[in-house]
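**Q** Could you work out the structure for the sequence below:
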Amino acid sequence: MADATISRRVFGQIAAGAALASCAPQAGPNMAVPASRQFPPDFLWGVANAAFQTEGALTADGRGPSVWDVFPRDRIHDGSDAAVATDSYRRYPEDIALAAGLGVKVFRFSISWPRIFPTGAGALNEAGLDHYKRVVGAMLEAGLKPYATLFHWDLPQALQEQGGWVSRETSYRFAEYADAIGKRMGDRLKHFIVMNEAAVHAVLGYVMGEHAPGLANADLMGPVMHHENLAQGLAIQALRAAQSDLLIGSTLALQPSRAGGEGLLTPLHDFAADSLDQLWNGGFLDPLLLGSYPAVPRTMIGAALQEGDLAITKQPIDFLGVNYYAPAYMAFDAGAPSFIKPVPPPEGVELDAFARHVDPSGLYEMLMRVKDKYGNLPTLVTENGCSDPFSDAPGVLDDQFRIDYLRRHIAAVKSAMEAGCNVGGYFHWTLIDNFEWAEGYRSKFGLVAMERATGVRTPKASYAWFKALSETGLLDEA
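**A** Sure, this is the predicted structure:
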């Protein structure tokens, strides 16, 4: 989560809440080796991407600016922007053909809110809507099920200027947007993911300032979190009212939160880990699935929580999307403004390009939590994958490291299924190397490499490997 951003006053509130909760995180469940590496024939294999990371064409057909359009380029690690990205606004037929050639059943994409409502509200932009109708039609013709994410961090800039997610009004504007998409596209588009990783957007965008809108104020965490949860509930209601046969879920970034220290301060390190767990995981799972907040986030929301809100945040969903990349490590630090801070993973563990712990057991752990605490609802792994080593060069074509990473994480999914988890699909992030937010183009998650100067796409070794998996359902062994 964050370092040096939560005030001592807020920390005191958190400490009181955590003391009331008195539930330091327990060790994750033991993950057995899967008894079988054969997935069932109806298991959904898919790929995922997002509008701002791929589309380019930022001013085409009446699109309005988003918070990411105005995010300063000097805060992007390679100084780049998404003006072209993968040029998928024009080249989507080629990308859909790549996905179909991969043998997957699902293409998860996102709809750009400012393409539909250039200022976040008001008159609907028909040209933007027509574009997504064409995209959905092309996916269906290619034999792919479109899964549309309504919000993948590209908030219309006009709404940000009115407060963004700090403002309750943004929740109502999001519901209006969802209603329009449901009514105008729900005849052919049947699968909806309402939000993507609300926790990441809240923490990195409003608390740490590393993502758009680039704010760094821990006091915003409570209202932003609650208004995202409220918007999600309102949007689910709007979609269900718009079309009765839609399958609706939402995607959360789930991660185990582990104590990053030992010795005499172990109880305080446990407290630090538990505080993050309640905020990052429970602060978004609980309002949706239980109609409540854990103690820690409840102390931060304050007056943003109004009577009747929790009856709105708690909505029946047809599936839960789980995005997983790595566990978090937190420690107590008397010198930090918040007394708690993120710390590096334990010495000697395997790290990814972001210096995060490569730990498939964390995915298993979070799937088991969904099963054991939240009623084992239908679950999809809607994102998982790893980046090439950071580089300005084109993607690594012989990416055996990615194949190894995927093999181990997909085995963890199979182990969770054999332990009773109701997991029905796995979507790889991502199809093509794209604009990776604040990392720019130096981070590459694709099964397909792209030459930025020409846009030429070249499948990597992992593309052929994933194709064999999706077509047979049989996970090979190293």
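**Q** burial count for the nearest residue to residue 50 once chain neighbours are set aside?
**A** Leaving aside its sequence neighbours, residue 50 sits nearest to residue 152 (C-beta to C-beta, 6 or more residues apart in numbering; 4.1 Å). For every residue, glycine as well, the C-beta is placed using N, CA and C. Residues near residue 152, counting by other C-beta atoms under 10 Å, number 23.
**Q** can you pull out the strands in the protein?
**A** Using DSSP state E, the strands of the chain run over residues 44-48, 106-110, 145-151, 191-196, 247-253, 257-259, 319-323, 328-332, 340-342, 379-383, 423-429, 448-450, 457-459.
**Q** Can you add mean pLDDT, mean neighbour count and distance to residue 56 and give these back as TSV?
**A** Putting these into TSV (pLDDT from 0 to 100; neighbours: other C-beta atoms under 10 Å; distance: least, C-beta to C-beta, whole Å) gives the following:
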stretch	mean pLDDT	mean neighbour count	distance to residue 56
strand 44-48	99	24	18
strand 106-110	99	27	14
strand 145-151	99	23	18
strand 191-196	99	25	19
strand 247-253	98	23	23
strand 257-259	98	24	36
strand 319-323	99	25	24
strand 328-332	96	23	33
strand 340-342	89	21	33
strand 379-383	99	26	21
strand 423-429	99	24	19
strand 448-450	98	23	12
strand 457-459	98	18	14
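**Q** any idea how far the nearest residue to residue 145 once chain neighbours are set aside lies from residue 38?
**A** In space, residue 145 comes closest to residue 106 once its chain neighbours are excluded; the distance is 4.9 Å by C-beta to C-beta, 6+ apart. Between residue 106 and residue 38 the distance is 20 Å, computed by C-beta to C-beta, to the nearest Å.
**Q** same check, this time on residue 202
**A** As for residue 202, its distance to residue 38 is 39 Å (criterion: C-beta to C-beta).
**Q** So the residue nearest to residue 145 sits against residue 43, correct?
**A** No: Residue 106 lies out of contact with residue 43 (C-beta atoms under 8 Å); the separation is 10.6 Å.
**Q** Name the residues contacting each of these two.
**A** Counting by C-beta atoms under 8 Å, 6 or more residues apart in numbering, the shared contacts of residue 106 and residue 43 are residue 425.
**Q** if you average pLDDT over stretch 175-188, what comes out?
**A** Stretch 175-188 shows a mean pLDDT of 98 in the predicted model.
**Q** swap in stretch 296-303?
**A** Within the predicted structure, the mean pLDDT of stretch 296-303 is 95.
**Q** how much space is there between the spatially most central residue of the chain and residue 110?
**A** Note on the chain: the residue nearest the mean C-alpha position is residue 197, at 3.4 Å, using C-alpha atoms, centre = their mean. When distance is defined by C-beta to C-beta, residue 197 is 11 Å away from residue 110.
**Q** What residue, apart from its backbone neighbours, is nearest residue 82 spatially?
**A** Taking C-beta to C-beta, 6+ apart as the measure, residue 82 lies nearest to residue 435, with 4.4 Å between them; neighbours along the chain are not counted.
**Q** What are the phi and psi values at that neighbour?
**A** phi -80, psi 110 (degrees, to the nearest 10).
**Q** Low-confidence stretches in the stretch 101-250 of the chain?
**A** Scanning the stretch 101-250 of the chain for pLDDT under 70 picks out nothing.
**Q** for it, what spans make up the helices?
**A** Secondary structure of the stretch 101-250 of the chain (DSSP state H, counting those that start in this stretch): helices located at 113-116, 126-141, 157-160, 169-185, 198-202, 221-242.
**Q** Need the winner for burial among those.
**A** Each of the helices of the stretch 101-250 of the chain was assessed for mean neighbour count using mean count of other C-beta atoms under 10 Å. The highest is helix 113-116, with a mean of 27.
**Q** okay, now the closest residue in space to residue 419 that isn't next to it in sequence: neighbour count?
**A** Distances taken as C-beta to C-beta, 6+ apart place residue 368 nearest to residue 419, at 6.5 Å, with adjacent residues excluded. For residue 368, the neighbour count with other C-beta under 10 Å is 19.
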